[in-house]
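In: Pasting a predicted model and its sequence here:
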2 protein chains.
Amino acid sequence: MRTKLFVALMMIANIAMGQKLLTLEDVMSGGNNWYNLQPENKYTSWWGNVPLETTADDVRELMTGRRLVSVERINEIVGEKVAHSGHNLLMPYAKRPVVQVRGAGRRLQVDWEQGKVVWSQPIPEGAEWQDFNQTSRNLAFTRLGNLYVMTAQGEELTVSKDGSTDGSNNIVYGQSVHRDEFGITKGTFWSPDGERLAFYRMDQSMVAGYPQVDISQRIASVTMDKYPMAGETSHQVKVGIFDVKKRNVVWLDLVGAPDDYHTNLTWSPDGQTLYVFELNRDQNHMRLVAYDVATGRMQKQIYEERHDKYVEPMNGLLFLPWDDTKALMQSRRDGYNHLYLLDIETGAIDQRTYGDFEVQEVLGFNRKSKSVLYRSNAIDPRTSCLFCLDLEKPRCTLLGADEGVHYASLSEDGTMLIDRYSSPTVPRSINLISTQPTRGRRPNLIANILTAKDPWQEQGYAIPEITSGSIKAADGVTDLYYRMVKPVDFDSTKTYPTIVYVYGGPHAHNVDARWHWCLRGWEAYMASKGYLLFILDNRGSEWRGREFEQVTFRHLGEEEMKDQLEGVKYLKSLPYVDANRLGVHGWSYGGFMTTNLMCTYPDVFKVGVAGGPVVDWKYYEVMYGERYMDTPQQNPEGYERCSLLGKAKNLKGRLQIIFGYNDPTCVPQHTLSFLRACEDAGTQPDLFTYPGDGHNMFGRDQVHLHERISRYFDDYLK
Amino acid sequence: MRTKLFVALMMIANIAMGQKLLTLEDVMSGGNNWYNLQPENKYTSWWGNVPLETTADDVRELMTGRRLVSVERINEIVGEKVAHSGHNLLMPYAKRPVVQVRGAGRRLQVDWEQGKVVWSQPIPEGAEWQDFNQTSRNLAFTRLGNLYVMTAQGEELTVSKDGSTDGSNNIVYGQSVHRDEFGITKGTFWSPDGERLAFYRMDQSMVAGYPQVDISQRIASVTMDKYPMAGETSHQVKVGIFDVKKRNVVWLDLVGAPDDYHTNLTWSPDGQTLYVFELNRDQNHMRLVAYDVATGRMQKQIYEERHDKYVEPMNGLLFLPWDDTKALMQSRRDGYNHLYLLDIETGAIDQRTYGDFEVQEVLGFNRKSKSVLYRSNAIDPRTSCLFCLDLEKPRCTLLGADEGVHYASLSEDGTMLIDRYSSPTVPRSINLISTQPTRGRRPNLIANILTAKDPWQEQGYAIPEITSGSIKAADGVTDLYYRMVKPVDFDSTKTYPTIVYVYGGPHAHNVDARWHWCLRGWEAYMASKGYLLFILDNRGSEWRGREFEQVTFRHLGEEEMKDQLEGVKYLKSLPYVDANRLGVHGWSYGGFMTTNLMCTYPDVFKVGVAGGPVVDWKYYEVMYGERYMDTPQQNPEGYERCSLLGKAKNLKGRLQIIFGYNDPTCVPQHTLSFLRACEDAGTQPDLFTYPGDGHNMFGRDQVHLHERISRYFDDYLK
């Protein structure tokens, strides 16, 4: 199977035969022809166990194509244009002919058979985050710094009053905390019955503000964005429980220090207990603690993990639907992210997946077969395939194709999946898959819903040859995977300017077995202009296990660069790579890598474009920064060594740094400090910025940005 | 005489004969060889009527070379190392053997004959601005927002208490106001006897702050810099009089609106009256008002001027030393800046200089001959020569050389001048000149103190040919003067890339009859690299009279660009100018011009480098902006037409914009708004910034900057 994945995509372009060359308008998501070059798609969802397709006009049964309800019908029933597209129509209740829709200032449930609005609730004015519970129909929402609940009956209840309403964000309720690290994406968590709301309260009054200047005003104005930098004072988080019926708040009596992390909140199925994965600020000791939501008191510590480097809880518990005393837990304790069955009473754990691969996502359970559905890269590190693991018998089954990268959603009872995947040669495939135990080859396929053709080929574009392979890391042992994009009309007797695109940081990868090996549109554009592109996932990157990632601990950038240099060594072994015309480009962590490579190996790379770079980890945030680097106080030598400020003097080639002028992630202090260091050292980087943009550029700015990046290579590398 | 000035400097370089090429280290003031390439100099001053020379070690009589006092001697007398150089030793009192020096936390007067400290006063801790009165020996000083006086006896008196000490600068005392326009450079004004202090109080609490971000801190911090933008709320200024003996403050009962301008404060010789040139915010009505300092009440309005466009008082009154009822006043009322004798009682004026030239500086009076000494460009608009005008007989005499640009300082009695000048061929000449009435050719020369040799020639550098000439302005009538710098080893049969350097705004010029026709070092460097440079003072620039300047009123940039295009037309007529390789560079107003030219005439200029540009006059300050443009409310079409935001879409060539990241003059909002406009329009300027720098770069940053500017032309124009 692996061999198969190594087979190169052999699509020799011949632009002499009238094929079109890709432009930025074709390949960038902000480009005006991007949409036309996307693989065909269908929008699917579940209505209980019925797979649906939504279109611009209606919602249909996916298998039969039978229209269930139209946009027109709903608007007619409501008597107002509340829906504009089938995608606005949610079907929250299995079997019930009820659509939920937002419009005319209300959240409505419409029974399309009875032809009437069966329930509605006003959408609170000024509401920001909204968390609606489908069971109780209570709505949690935030407004400025405070948290409120609107009951199913439309009564507005105040959960908090002392949140900041002056824009200072000193105290905020119901918002995501810990800067979205540790898998945290929100700040409200409904109990299973929707009658109790767990929520975060974050006190940031002690955190320094980073000045963000808005130049779009008549006179530029400033906002102080609370940004805890590594080693500096961090925020303090509490967890409260609001009881909708009692209308009171109980605060959890959290264990640990005030600036500890409280992550992955999980309700017990009975709604009486809240489980919190607590992590100390040093991030090397994690404790799973159960709290009694009625009193806020700790019930017990169920489980703990320590590690010399760091522990990083990313997922909450998943209780078995058929056994409230057991929950599925994810842990990297054996070196890879695996599934464990946790006995919630005793804290005993029972490992259920093993091997040098990682479980990437748990999709849910098949209650009938008592199995869990998940994605993992067990087949090849670049794939993400679907598996069904029987939790009672030791049996694991592959579901769907044994190649590509899959995303799937499960039916209510867990017996069916809508599987969406692409592979290097398949732009998009949508399939209905059974999760019931079966035998034989692909017996689980119920129906192929869609297999998209290659839209680039169909529309007559010259497509570069895109291949993937592996080289050894600088440690001489580890396999690293690359993608290579050859220039269109490639001629192996010629030499080409070659650009290494890099990210290189944790929690991300660039090379996988998606369509075109996960090609970024810009690479295809550059290949059309005659460049060769090379992308290598170095050690430190995603889905390769703990050791692979943690080799960078306390000295970010160093091992990553060594691996990238192995990539360069490989490139230099190829006769068609012009070793005197090597460029490098990356954004964010990749901007850090690009700047670092340009300054650390000034004779290797001639041209670089670094976007939104980290320049010195002391300017990066506490959560991410201290995980990988510890604090500047604990690891002064590491911070010094990994800082680019001291390397600014080595810059020799052409390096353009580009940043969002209002980047709240890699704050402008990074880039500006690097500039200052270059100016003091007499070296000459180039610069660009996008006022009003954050860490990344979107829409037309994305096209502008890539025109800029491309032009820089054209100017100095071509 | 004019013909003579037109003669080109014929210094044909021959780098084949082993001449050195100038580097940026040679030509930039921050360069490490700059000092060695400066013309020889002497540091001169007056001790009453005795001309002095100060050296590193001592102070000498200029004519005899006799040492008056040494640094060593003063330190010996004081018993501490208070002086480090002869330049630290002031000789404030004619004939008295007293040196004034600052050191060891004190301001000391030392009698070198008696060998003792005859007076001292502590230097107040935390003092910022210090204004010492030599007569009373009272010291006015500011600390944070407040104003204090330290008496000659060392007693500290508080003049103000309610100034801002919190860094907000809401209310400031004793500081320069109206953003240094209208000739204002400070905020304290001692009466002739030094016993009364006139001072400004500025209330800026109603003025918006511009956020200036300091990235040199551990976590970037912000300061809100009070910056009144055109059309927005301006500050309010009052004038107070502090009586040192009575220890009270009397406030002037100022005429006009709260945001009027109160300029050019002048004490009457008897110290009883303060004269203020009041200007309305619209800047088209100026009134000279006399105030009784004892009561603060207005005595009378002495004089007024109105103009459709604007009136700009730049100079206070100068009372005749022999007649307290008459004062010399400068005005452009007849179209050029001329001298008027004002009868302070009747307000009658009597014009004393006439013609299509401008009086540039009044140096003072010769009491014996009852004449006034001044500089003007009467001989040629590019010169600034010295004149003595007899105020009783209608006789005007040229003093010193009839060429070049002179600066001079007058002896106490006004009978002698130390004249320092350079001309296109003379790097520096220092002469002692008599101001007494004489006849014949240069009878007024007492002694030539120094005539410096050409240090570039002496040290074997290849010097480009530098010439000056004139062309007609776009009006077809007006003469405009240019400087042309030919590449070293110029060959008229070749064609050269050509760069127009431009400023173009009011209150400045680039071409005058100084050494090398006022050549900037960078031009010589670029000529050494093979570029031809062209610099033209367009209409709107300095010293050419009111109409010449005011032709730009309400539409800044337009006439100026038309004139620059006449320069381009002339360049294109020259066989050795490559019309396909025209570049343009300028800073501040010149950055505005550069960006404007690149966007308005996209087919003329291929490459531009714009520094610290104005992009939209609405982001510029009230005082300067409204003088030339009126307010955005009064002149919306003008602001719209002159804004570069709407022109961003036209950019075709390569344009790099460079700005000081903390520019308090052309705030970064200019450049950043232009970037945003380009990004929205899909055009591609380049960018650079110097964090921590203001409107201009100094020291090593200046070298870095010019390496950057030069490289840009090398990359895209060469």
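Out: Nice, thanks for sending it over. Residues are numbered from 1 along each chain as shown, chains lettered A, B, ... in the order given.
In: CA only for contacts and neighbour counts going forward, please
Out: Fine.
In: what about the closest residue to chain B within the stretch 201-350 of chain A, neighbour count?
Out: Residue nearest to chain B within the stretch 201-350 of chain A (Cα to the nearest Cα): residue A:215, separated by 5.7 Å. By other Cα atoms under 10 Å in any protein chain shown, the residues close to residue A:215 number 21.
In: For it, which non-adjacent residue is closest in space?
Out: Using Cα to Cα, 6 or more residues apart in numbering or on different chains and skipping the chain neighbours, the partner closest in space to residue A:215 is residue B:669 (5.7 Å).
In: How about residue A:695?
Out: Spatial nearest neighbour of residue A:695, excluding adjacent residues (Cα to Cα, 6+ apart): residue A:663 at 4.6 Å.
In: do residue A:391 as well
Out: Leaving aside its chain neighbours, residue A:391 sits nearest to residue A:371 (5.1 Å; criterion: Cα to Cα, 6+ apart).
In: Now tell me which helix or strand of chain A has the poorest mean pLDDT.
Out: helix A:2-6 (a mean of 39; mean pLDDT, DSSP states H and E).
In: After it, heading C-terminal, what element do we hit next?
Out: Next in sequence after helix A:2-6, counting helices and strands by DSSP states H and E, comes helix A:24-27.
In: On the C-terminal side of that next one, identify the next helix or strand.
Out: strand A:43-47.
In: just to revisit the earlier point, distance of the residue nearest to residue A:215 from residue A:641?
Out: According to Cα to Cα, to the nearest Å, residue B:669 stands 36 Å off from residue A:641.
In: Comparing these two, which residue is more hemmed in?
Out: Shown here are residue B:669 and residue A:641; by other Cα under 10 Å, residue B:669 has more neighbours (26 against 17).
In: Neighbours of residue A:90, how many?
Out: Residue A:90 has 18 neighbouring residues, counting by other Cα under 10 Å.
In: do the one 5 residues further on as well
Out: A total of 11 residues lie near residue A:95 under the criterion other Cα under 10 Å.
In: cool, residue A:475 as well?
Out: 12.
In: who's in contact with it?
Out: Contacts for residue A:475 were tallied using Cα atoms under 8 Å, 6 or more residues apart in numbering or on different chains; there are none.
In: what are the phi and psi angles of it?
Out: Backbone torsions of residue A:475, given as degrees, to the nearest 10, read phi -80, psi -10.
In: For residue A:326, see how far away it is.
Out: In terms of Cα to Cα, residue A:475 sits 41 Å off from residue A:326.
In: Let me know the pLDDT of the residue of the stretch 351-500 of chain A found nearest chain B.
Out: Nearest residue of the stretch 351-500 of chain A to chain B: residue A:497, at 19.2 Å (Cα to the nearest Cα). The model reports residue A:497 with a pLDDT of 98.
In: which residues touch stretch A:262-275?
Out: In contact with stretch A:262-275 (Cα under 8 Å, 6+ apart) are residues A:182-184, A:189, A:191-193, A:196, A:237-238, A:276-279, A:288-294, A:313-317, A:319, A:324.
In: Stretch A:47-60 now?
Out: For stretch A:47-60, the surrounding residues in contact (Cα under 8 Å, 6+ apart) are A:42-46, A:61-63, A:65-72, A:84-87, A:89, A:91-95, A:411-413, A:416, A:418.
In: Rounded mean pLDDT for that stretch, please.
Out: For stretch A:47-60, mean pLDDT rounds to 97.
In: thought the residue of the stretch 201-350 of chain A closest to chain B was touching residue A:691?
Out: Yes: with contact defined as Cα atoms under 8 Å, residue A:215 and residue A:691 form a contacting pair (7.2 Å).
In: Would you mind listing the residues touching both of those two?
Out: Shared contacts of residue A:215 and residue A:691 (Cα under 8 Å, 6+ apart): B:672, B:673.
In: Quick one: residues contacting residue A:330.
Out: Contacts for residue A:330 (Cα under 8 Å, 6+ apart) come out as A:315, A:316, A:317, A:337, A:338, A:339, A:340.
In: still on that earlier bit, list the contacts for the residue nearest to residue A:391?
Out: Taking Cα under 8 Å, 6+ apart, we find residue A:371 in contact with A:365, A:388, A:389, A:390, A:391, A:392.
In: now residue A:223
Out: A:210, A:211, A:212, A:213, A:214.
In: Apply 10 Å and report the result again.
Out: A:167, A:168, A:209, A:210, A:211, A:212, A:213, A:214, B:211, B:222 (Cα atoms under 10 Å, 6 or more residues apart in numbering or on different chains).
In: What of residue A:684?
Out: A:648-649, A:651-656, A:675, A:678, B:688, B:704-705, B:707-708, B:711.
In: Among the residues you listed, which one has the most neighbours?
Out: Tallying neighbours with other Cα under 10 Å puts residue A:648 at the head of the contacts of residue A:684, with 28 neighbours.
In: I'd assumed residue A:642 was in contact with that residue.
Out: No: using Cα atoms under 10 Å, residue A:648 is not in contact with residue A:642; the gap is 12.0 Å.
In: what is in contact with the two at once?
Out: Residues within reach of residue A:648 and of residue A:642 at once, by Cα under 10 Å, 6+ apart, are A:596, A:615.
In: In strands, which of the contacts of stretch A:262-275 appear?
Out: A:189, A:196, A:237-238, A:276-279, A:288-292, A:319, A:324 (DSSP state E).
In: where along the stretch 401-550 of chain A do the helices fall?
Out: A:455-458, A:521-528, A:546-550 (DSSP state H, counting those that start in this stretch).
In: Tell me if the second one is near chain B.
Out: No: remark: helix A:521-528 sits outside contact range of chain B, by Cα under 10 Å from any Cα of the partner chain, the gap being at least 17.3 Å.
In: just the CA coordinates of that helix, formatted as PDB?
Out: Taking Å, rounded to 0.1, in the frame of the first residue of the first chain, the C-alpha atoms of helix A:521-528 are listed here in PDB:
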ATOM      1  CA  GLY A 521      -2.200  26.800  -5.100                       C
ATOM      2  CA  TRP A 522       0.700  29.100  -5.100                       C
ATOM      3  CA  GLU A 523       3.100  26.300  -5.800                       C
ATOM      4  CA  ALA A 524       1.200  25.300  -8.900                       C
ATOM      5  CA  TYR A 525       1.400  29.000 -10.000                       C
ATOM      6  CA  MET A 526       5.200  29.100  -9.400                       C
ATOM      7  CA  ALA A 527       5.600  25.800 -11.200                       C
ATOM      8  CA  SER A 528       3.800  27.400 -14.100                       C
END
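In: and that helix, what other elements does it pack with?
Out: In terms of contacts (3 or more Cα pairs under 10 Å, 6 or more residues apart in numbering or on different chains; DSSP states H and E), helix A:521-528 is packed against helix A:24-27, strand A:466-472, strand A:479-485, strand A:496-501, strand A:532-536, helix A:700-716.
In: Redo these as TSV? Include distance to residue B:228.
Out: Formatted as TSV, these follow (distance: least, Cα to Cα, whole Å):
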stretch	distance to residue B:228
helix A:24-27	42
strand A:466-472	57
strand A:479-485	54
strand A:496-501	46
strand A:532-536	51
helix A:700-716	32
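In: need the residues of the stretch 551-700 of chain A near chain B, please.
Out: Selection of the stretch 551-700 of chain A residues close to chain B by Cα under 10 Å from any Cα yields A:618-619, A:656, A:658, A:661, A:667-693, A:700.
In: again, only this time at 6 Å
Out: For the stretch 551-700 of chain A, the contact set with chain B under Cα under 6 Å from any Cα of the partner chain comprises A:669, A:687, A:688.
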